[in-house]
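quick one, structure for this:
(one chain, ligands or ions: 1)
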Amino acid sequence: MTFSKRIRERADSIWAASHQHPFVQGIGHGTLPLDSFKYYMRQDYKYLIDYARVMALGSVLAPDLNTMSGFAKALDETLNTEMELHRSYAARLGISRQELEETVPGPVTLAYSGVMMAEAQKGSIAELIASILPCAWSYYEIGTELAKIPGATEHEYYGEWVKMYASKEFGAIAEWLIETLDGLAESKSEEELNRIEQIFLNTSRYEYMFWDMAYHQQSWPVE
Ligand SMILES: Cc1ncc(CN)c(N)n1
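Numbering: from 1, shown residues only. Predicted coordinates:
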C-alpha cells in the first residue's frame, strides 16, 4: 500500500466528518447562509496567504529542480487562481480588497496557520507536504463530491466555488503532492513515517475545525 493510501485511510473518520459538515453540505445544496460564506471567504483568504508561504518554502527546500518547479507552479495557482476566486467573490459580496487583506484571523485560522507553518519549517520536505496535503487533497475530494449534486455547479453563489475545487487544474496540485510524498516515503523509517502521519492527521483535524469555525462564524471569546 502506498503511504498516501495509508494516511488517507487513517484519516478517514476525520475526512468523513468534514464531508458531512453542514457548511460543506450547505455549499453543495445551496443552503449555506451567505453570512457564513462571507465570514469563511475572509478567513480563508488570510489562511491562504500562509499556505502560499509554505508553497514558497517548498521551493526553497526542494531537493531537485522538478520538485522546485512543482512547488512554484502550486504557488502560482494559489496566488493567482485560487485567491483570485476569493477576490472575485469578495467584490460580489461587498467586501473590499482592504477588508479582505486586513481580516483579523479567528482562533482556528490562527492556530491552523501556525501549526502548518511550524511543521513546514522543521526542515524536511516530507513534513512540509504532510502539513499542506489535507488542504489540497480534501478540497479536491470535497469539490468533486459536491459537483455531483444536481445544480451545485450552477448555484448563483456557491457554483463557482464547487467548480474551482472540482477542477482538473486544482486536482493536479493534490495529485502532484501525493506522488511526491509517496516517493519521499520510500526512503523513510517507520518512526519518520509515523511522525509524518501525525502531521497529516493534525492538519486534517484543523480542516474540519475550519469548516466548523466558519459555519458558526466563531470569533474570539474575549476581545
Ligand atoms: C482552510 C482551507 N483548506 C484548504 C483550502 C484549499 N486550498 C483552502 N482554501 N482553505
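
name the helix or strand for S59, please.
Using DSSP states H and E, S59 sits in helix 34-61.

contacts (any at all) between the ligand and that helix?
Yes: residues of helix 34-61 are located near the ligand by Cβ under 6 Å from any ligand atom, namely D44, Y47, L48. (Each C-beta comes from the backbone N, C-alpha and C, glycine too.)

now do stretch 204-221
Yes: using Cβ under 6 Å from any ligand atom, we find that stretch 204-221 touches the ligand at E207, F210.

what does this protein have sitting close to the ligand?
Checking the chain against the ligand by Cβ under 6 Å from any ligand atom, the hits are D44, Y47, L48, E82, C135, A136, Y139, E207, F210.

the third one touches E84, doesn't it?
No: the pair formed by L48 and E84 falls short of the contact definition of Cβ atoms under 8 Å, at 10.8 Å.

tell me the phi and psi of Q218?
Dihedral pair for Q218: phi -70, psi 130, per degrees, to the nearest 10.

between L48 and E84, which is the more surrounded one?
Each of L48 and E84 has its neighbours counted (other Cβ atoms under 10 Å); L48 has more, 18 against 13.

the bottom helix or strand of the protein by mean pLDDT?
helix 97-101 (a mean of 94; mean pLDDT, DSSP states H and E).

tell me what that one is packed against?
Of the remaining helices and strands, those touching helix 97-101 by 3 or more Cβ pairs under 8 Å, 6 or more residues apart in numbering; DSSP states H and E are helix 34-61, helix 83-93.

pick the most deeply packed of those.
Ranked by mean neighbour count, the helices and strands packed on helix 97-101 are led by helix 34-61 with a mean of 19 (mean count of other Cβ atoms under 10 Å).

so what's the spatially most central residue of the chain up against?
Nearest to the mean C-alpha position of the chain, by Cα atoms, centre = their mean, lies C135 at 2.4 Å. Shown in contact with C135 (Cβ atoms under 8 Å, 6 or more residues apart in numbering): Y51, M116, T203, E207.

who's in contact with the strand or helix carrying Y112?
Assessed by DSSP H and E, Y112 sits inside helix 107-120. Contact with helix 107-120 is made by 43, 46-47, 50-51, 53-54, 57-58, 105, 127-128, 130-132, 135, 199, 202-203, 206-207, 209-210, 212-213, 218, 220, as judged by Cβ under 8 Å, 6+ apart.

between that helix and helix 34-61, how many degrees?
For helix 107-120 against helix 34-61, the angle by axes from the mean of the first three to the mean of the last three Cα atoms, to 10 degrees is 10 degrees.

pull the residues that contact stretch 179-187.
Counting by Cβ under 8 Å, 6+ apart, T2, F3, S4, T67, G70, I125, A126, I129, A130, L133, L193, I196 sit against stretch 179-187.

try stretch 55-64
So stretch 55-64 is contacted by 67-68, 70-72, 74-75, 78, 120-121, 123-125, 128-129, 132 (Cβ under 8 Å, 6+ apart).

same thing with stretch 208-221?
With Cβ under 8 Å, 6+ apart as the criterion, stretch 208-221 contacts 14, 17-18, 21-24, 26, 35-37, 39-40, 43-44, 47, 106-109, 111-112.

before we move on, the earlier item: ok, the residue nearest to the centre of the chain to A152 distance?
As judged by Cβ to Cβ, to the nearest Å, C135 and A152 stand 21 Å apart.

now swap in A126 and tell me
35 Å.

picking that back up, which of the contacts of stretch 55-64 are buried, as a PyMOL select command?
Selection command for PyMOL covering only the buried members of these, criterion 16 or more other Cβ atoms under 10 Å:
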select buried, resi 67+70+71+74+75+78+120+124+125+128+129+132
